[in-house]
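[1] requesting a structural model of the entry that follows:
(chains A, B, C and D)
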Number of protein chains: 2
Amino acid sequence: MGKEITIYDIATKLNLSAATVSRGLKGHPSISASTRKRIVDTARELGYRFNSFASNLRLQRTNTIGIIVPRLNSNFMSDAIAGMEKVANKAGYKIIISQSLESTIKETENISTLFNARVDGLLVSLASDTSSISEFEQFINRNIPVVFFDRVFNHPKCPNIVIDNYRAGYEAADHLFQKGCRRIMHIGGNQTGKVYRERFEGYQKALRDHGLIASEDLLIISQLSFEEGTSAAVQILAMNEKPDGVFVANDACAIGCMLELKKHGVKIPEEIAFVGFNNDPMALVIEPNLTTIDYPGEEMGELGATLLLSLLNNNNDDNFEQTLLLPHKLMDRQSSQKAASLEIK
Amino acid sequence: MGKEITIYDIATKLNLSAATVSRGLKGHPSISASTRKRIVDTARELGYRFNSFASNLRLQRTNTIGIIVPRLNSNFMSDAIAGMEKVANKAGYKIIISQSLESTIKETENISTLFNARVDGLLVSLASDTSSISEFEQFINRNIPVVFFDRVFNHPKCPNIVIDNYRAGYEAADHLFQKGCRRIMHIGGNQTGKVYRERFEGYQKALRDHGLIASEDLLIISQLSFEEGTSAAVQILAMNEKPDGVFVANDACAIGCMLELKKHGVKIPEEIAFVGFNNDPMALVIEPNLTTIDYPGEEMGELGATLLLSLLNNNNDDNFEQTLLLPHKLMDRQSSQKAASLEIK
DNA sequence: ATCAAATGTGCAAACGTTGGCATAAAGAAA
DNA sequence: TTTCTTTATGCCAACGTTTGCACATTTGAT
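    Now for the predicted structure:
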């Protein structure tokens, strides 16, 4: 429980001034190599630990970046956060993580917490029903950079890092068409944000391009949970004209739906083919394995953090791309192989 | 980008001293209600935000607790962390999270990061191959409380929050026995830490109690990943005398194993029954649904945070339970219903 | 009217680090 | 030797909050 060692203690011991010790520790060029070495050695010997609060107070910056995400426990998110942590750590930044749990209210609370924690910048993936980012204005007004990823919002000052959800939605629906589906259903997420809306719009476009109609009764909007997948299946089972293919905007919901349909004897993919989204590990557990859209979580996290750090350092205010697109990939698996099974018949 | 407002600005505006403003903002009893109101109103009006660095510097505490976990992306962990965040937030604490990714080296780095961040306390679930907690001594020596949960280590100064892994292992193996298994295999995790060792020992005891032998060839030790489940299946397929039941120390590995066995035509549970551990969401996706041990993540997180906070506030140095046990529960599902299928035959 | 107690507020120092500016010492050019 | 650089270090104030102690004012009791 000994007292904390400060640079003064080191200075006293070496007959130097605190300023010299501070500079020595920081590798300032005007300190001679020999003095620097003595300082560093003594610091280690005395068990000195840097006081970031004093430093933060003095420098008016925190070397901390805040992260707000809908939930931590998805595969994508933990990859993304791992990527951010890697980049941030290397640059000497700490991270503070908070979850909105898909609630705009909780999100607002988190924003103030991070505002009061005086993070130097923010990496945000929005809750699905957030329809305005006015809460972020307090950051933007103070020139604290805000970078959105995955669940983004267009704002002239805030870069976005996303995949092309429109294109991915298009590809998913097109894939089902290529496999022989003609009544293609969509189970989509909250349409307030861009992500699920774009996936839906891509799906619609694909249908139109193939001369199909994206009719109302082939659309279910939900929160995309596993349980809501089950409910969606119940709805499907009650339909007179069932779909022959379903594009679900995330894997958990797709799997909940598939399990329930299977339980009622529906053959997948023969009767109904499925395409999901996210490439969740569960997609390889469900039988048949789920065709889904994969996208690079860790890379997105790294890119987001890198971009944020560059905004923090070079204050090239307007010299950035508004939107960065990352590639996605359709993982073609058994849940969509209807064509093959049709050929057999 | 206006300058930050400080208590001095508020004080000047109201013709008070900074000290009075500070006390007013904190609700100190010696400030009259009317003055307090004026202070709070003016603070809001001016857009004052509390400077926690100055406060931390002055008070020598950070109102931050550090969390170290093996990985964020398991269902259990995100529940546990959600529980911690809830409790910590309510008490006005921030949390800093870091992952060891099961590496003792990365864990050590995280420990120093959090040490330098001067967290007021630590909530830790150890990496699976951590065999010594000497790195934590720097905290313990300074009377910074360290609470272990789930993956724990016995240290007289550090409370543990766990489930009874020994008993759970016993119950899992016993369950398989009750269902008719007589060659019960165990796929266990790293035996360095207590968790997987205890599950293994419980399994051994159950076998002994039923007059069975836990022989070497019925034991596989691995990192318990999904992929290692696949390898385990390959080993099983190569065995002369195959097991008729397998207790796997986590669900991901159990599921990897089951999928591979099914691919080779092994009937589950008829030929080989399975019991997993963790109650991962995947356990309800695999067919047959996996019998597994469920335990309360969120509750464990809440309890851990509550305990840590109580250690921070009352410095009742020695007045705590060394080990807190939380209840677990065997979720009896299809993957272990061998007895029923035996009866049919 | 006098004194004691209670109430409300201010003063000033401390927390540990940092960076502009000043200065001392040493070497180089005249 | 004198003057000018260059190099290495020290001085000092500032960052914003907190708190022990002192002080002033009010209230109530005698």
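
[2] A:Lys13 contacts A:Ala43, doesn't it?
    No - the criterion here is CB atoms under 8 Å, and A:Lys13 misses it with A:Ala43 at 9.9 Å. For the C-beta atoms, the positions are set from N, CA and C on the backbone; glycine is no exception.

[3] okay, the residue in the stretch 151-300 of chain A that DNA strand C sits nearest to: pLDDT?
    The minimum distance from the stretch 151-300 of chain A to DNA strand C, using CB to the nearest atom of the strand, falls at A:Lys157 (26.5 Å). pLDDT, A:Lys157: 90.

[4] in contact with it, which residues?
    Going by CB atoms under 8 Å, 6 or more residues apart in numbering or on different chains, A:Lys157 touches A:140, A:146.

[5] show the pLDDT at A:Met341.
    Heads up, residue A:341 is Ser, not Met. At A:Ser341, the pLDDT value in this model is 46.

[6] try A:Asn73
    pLDDT recorded at A:Asn73 is 75.

[7] setting aside sequence neighbours, what's the nearest residue to A:Phe153?
    A:Ile133 (4.9 Å; CB to CB, 6 or more residues apart in numbering or on different chains).

[8] low-confidence stretches in chain A?
    A:1-2, A:314-320, A:339-345 (pLDDT under 70).

[9] within range of DNA strand D, give me the residues from it.
    Taking CB under 7 Å from any atom of the strand as the measure of proximity, chain A contacts DNA strand D at A:11, A:15-20, A:23, A:30-32, A:35, A:54, A:57-58, A:60.

[10] returning to that earlier point: so how far is B:Leu326 from the residue of the stretch 151-300 of chain A closest to DNA strand C?
    In this structure, A:Lys157 and B:Leu326 are 47 Å apart, going by CB to CB, to the nearest Å.

[11] doesn't A:Ser112 fall inside a helix?
    Yes - counting by DSSP: H, G, I helix; E, B strand; the rest coil, one finds A:Ser112 located in a helix.

[12] any idea how many residues pack against it?
    12 (other CB atoms under 10 Å in any protein chain shown).

[13] likewise for the one 10 residues further on?
    When counting by other CB under 10 Å, one arrives at 23 neighbours for A:Leu122.

[14] ok but it is inside a helix, no?
    No - going by three-state DSSP, the assignment for A:Leu122 is strand, not a helix.

[15] who are the contact partners of it?
    Neighbour list for A:Leu122: A:65-68, A:114, A:136, A:139, A:144-147, A:308 [criterion: CB under 8 Å, 6+ apart].

[16] how about JSON lines for the residues you listed, with distance to B:Gly276 and secondary structure added?
    Listed next are the contacts of A:Leu122 as JSON lines, based on distance: CB to CB, whole Å; DSSP: H, G, I helix; E, B strand; the rest coil:
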{"residue": "A:Ile65", "distance to B:Gly276": "37", "secondary structure": "strand"}
{"residue": "A:Gly66", "distance to B:Gly276": "37", "secondary structure": "strand"}
{"residue": "A:Ile67", "distance to B:Gly276": "32", "secondary structure": "strand"}
{"residue": "A:Ile68", "distance to B:Gly276": "33", "secondary structure": "strand"}
{"residue": "A:Leu114", "distance to B:Gly276": "38", "secondary structure": "helix"}
{"residue": "A:Phe136", "distance to B:Gly276": "43", "secondary structure": "helix"}
{"residue": "A:Phe139", "distance to B:Gly276": "44", "secondary structure": "helix"}
{"residue": "A:Ile144", "distance to B:Gly276": "46", "secondary structure": "coil"}
{"residue": "A:Pro145", "distance to B:Gly276": "44", "secondary structure": "coil"}
{"residue": "A:Val146", "distance to B:Gly276": "42", "secondary structure": "strand"}
{"residue": "A:Val147", "distance to B:Gly276": "39", "secondary structure": "strand"}
{"residue": "A:Leu308", "distance to B:Gly276": "40", "secondary structure": "helix"}
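
[17] would you list those residues in TSV and tack on distance to A:Glu227 and neighbour count?
    Formatted as TSV, the contacts of A:Leu122 follow (distance: CB to CB, whole Å; neighbours: other CB atoms under 10 Å in any protein chain shown):
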residue	distance to A:Glu227	neighbour count
A:Ile65	34	27
A:Gly66	31	25
A:Ile67	27	30
A:Ile68	25	24
A:Leu114	31	24
A:Phe136	32	22
A:Phe139	35	22
A:Ile144	38	20
A:Pro145	38	23
A:Val146	33	23
A:Val147	32	24
A:Leu308	35	27
